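In: take a look and give me a structure for this.
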Amino acid sequence: MALVVNPTPNDWNVKGFVAPGFESVERAFKTNLQNGDEVGASVTAYYKGKKVVDLTGGYFDTSYNKPYDNKTLQVVFSSGKCIEAVLVARLVQDGLFSYDDKITKYWPEFGANGKQNVTIKDLMGHRAGVSYLDGKERRPNAEQWSNLDVLAKMIADQPHNFDGKSVQSYHSFTRGWFLNEIVRRADPQHRTLGKFAELLLVKPLGIEFFYGIPAEINARVSPLIHYPYGRKDLAPLPPVTQPHTNPTVALKVNSSVRGPYQQVINTYEGRRGEGTSFSGITNSNGLAKIAALMANGGELDGYSYLTKQALDEASQLQELQTDLCLEKKNYYTFAGWGNWPHARLPHQWGEGANYDPNWEWW
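Out: Numbering: from 1, shown residues only. As a prediction, the model looks like this:
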């Protein structure tokens, strides 16, 4: 029997439920809101295929007038990459392409300037050599990346960042742009990743998840508040906010990344296009249900998404490399999700006890 959370005037509109044994999640969730670490948020968790936590709370924005509720949506940034990988695993199972296919098999123009040998597996492992885009002519604005034909022409001849060598360098924004064009060209019906997400995940699971949001939905998307009042003292100060001269670190703040980020977070113009690596929009219920589907071997509530063979192939680890952009070693699977079999929690950038979990995100 679930414990129903009844809101009071002092609990920041926290609503939803937690199953017995998970009450500590509710306490932590409320504490984050009360301490000012969050303005509004949602959290959902599954355990052994059953939903055990589903909470919303706080406010939609800093006007503090509208509650953050189960109809509220959020830009989830790189969580969109996880869904890209989940979709790629299914598309390989369905025979649309294979991990070892060269991208030029479907997109000949991609082979220009040292990229002729790059495979789909390379792209999903952030080793395609297109971590960043050179020149203003290849850096799309929101209007341009919302038109996939225009986008493809802009980025096809991007020179390989590392002269054709296999170098892992996090494709923070670009992986989805290139992947979506491959999918469109490989599919006889020229469907996008957004359409496949709708057909293969959204409808069967009964969730909300968008790559490219309809205009009528945009008003439900809560804006990103970088530093709520409880975290204002943590806001970076110059020179941290200034462009970096180190080429490695500059990959993280390259203008081909900075521009899309600023547009996506709080404007409809930035949310309407399928920037699948950075502009997915959903809520905690949507992400958690997809994660539960994968954590349960590709099956959930009678829906069979992946065969065991397809999941095993998708989960194979690529060669361990030190990521040039992230400056740490990590694995990526064939399908493109990350795996740290010997991760530190908290990670090496922070302090805390040394744990040795198998940390994997879909």
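
In: per-residue pLDDT, residue 246?
Out: The confidence metric pLDDT takes the value 51 at residue 246.

In: make that residue 325, sorry
Out: 88.

In: which stretch of helix or strand covers it?
Out: Counting by DSSP states H and E, no helix or strand carries residue 325.

In: quick one: contacts of stretch 313-330?
Out: 85, 88-89, 92, 99, 121, 125-127, 131, 167-170, 172, 248, 251-252, 306, 331-335, 338-340, 347-348 (Cβ atoms under 8 Å, 6 or more residues apart in numbering). For every residue, glycine as well, the C-beta is placed using N, CA and C.

In: in ChimeraX, how would I select the buried members of those?
Out: ChimeraX command restricting those to the buried ones, with burial defined by 16 or more other Cβ atoms under 10 Å:
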select :85,88,89,92,99,121,125,126,127,131,167,168,169,170,172,251,252,306,331,332,333,334,335,338,339,340
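
In: just the contacts of stretch 313-330: which are in strands?
Out: Of the positions in the contacts of stretch 313-330, 331, 332, 338, 339, 340 sit in strands, assigned by DSSP state E.

In: correct me, but the third one touches residue 332?
Out: In other words, residue 338. Yes. Between residue 338 and residue 332 there is a contact under Cβ atoms under 8 Å: 5.8 Å.

In: now the ones in strands among the contacts of stretch 313-330 in JSON lines, with distance to residue 311?
Out: Output for the ones in strands among the contacts of stretch 313-330, formatted as JSON lines (distance: Cβ to Cβ, whole Å):
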{"residue": "331", "distance to residue 311": "16"}
{"residue": "332", "distance to residue 311": "16"}
{"residue": "338", "distance to residue 311": "16"}
{"residue": "339", "distance to residue 311": "14"}
{"residue": "340", "distance to residue 311": "19"}
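
In: farthest pair within those?
Out: Farthest-apart pair in the ones in strands among the contacts of stretch 313-330 is 332 and 340; separation 10.5 Å (Cβ to Cβ).

In: distance-wise, check residue 152 relative to residue 317.
Out: Separation of residue 152 from residue 317 (Cβ to Cβ, to the nearest Å): 30 Å.

In: more neighbours: which of the two?
Out: Using other Cβ atoms under 10 Å as the criterion, residue 152 and residue 317 rank with residue 152 on top: 19 against 12.

In: which residues touch the more buried one?
Out: Contacts of residue 152 (Cβ under 8 Å, 6+ apart): 107, 109, 181.

In: so it, which state does it fall into?
Out: Three-state call for residue 152 (DSSP: H, G, I helix; E, B strand; the rest coil): helix.

In: residue 159: what's it in contact with?
Out: Here residue 159 is in contact with 112, 113, 114, 115, 134 (Cβ under 8 Å, 6+ apart).

In: pLDDT wise, what is the fourth one at?
Out: I take that to be residue 115. 98.

In: so it, which state does it fall into?
Out: Relying on three-state DSSP, one would call residue 115 coil.
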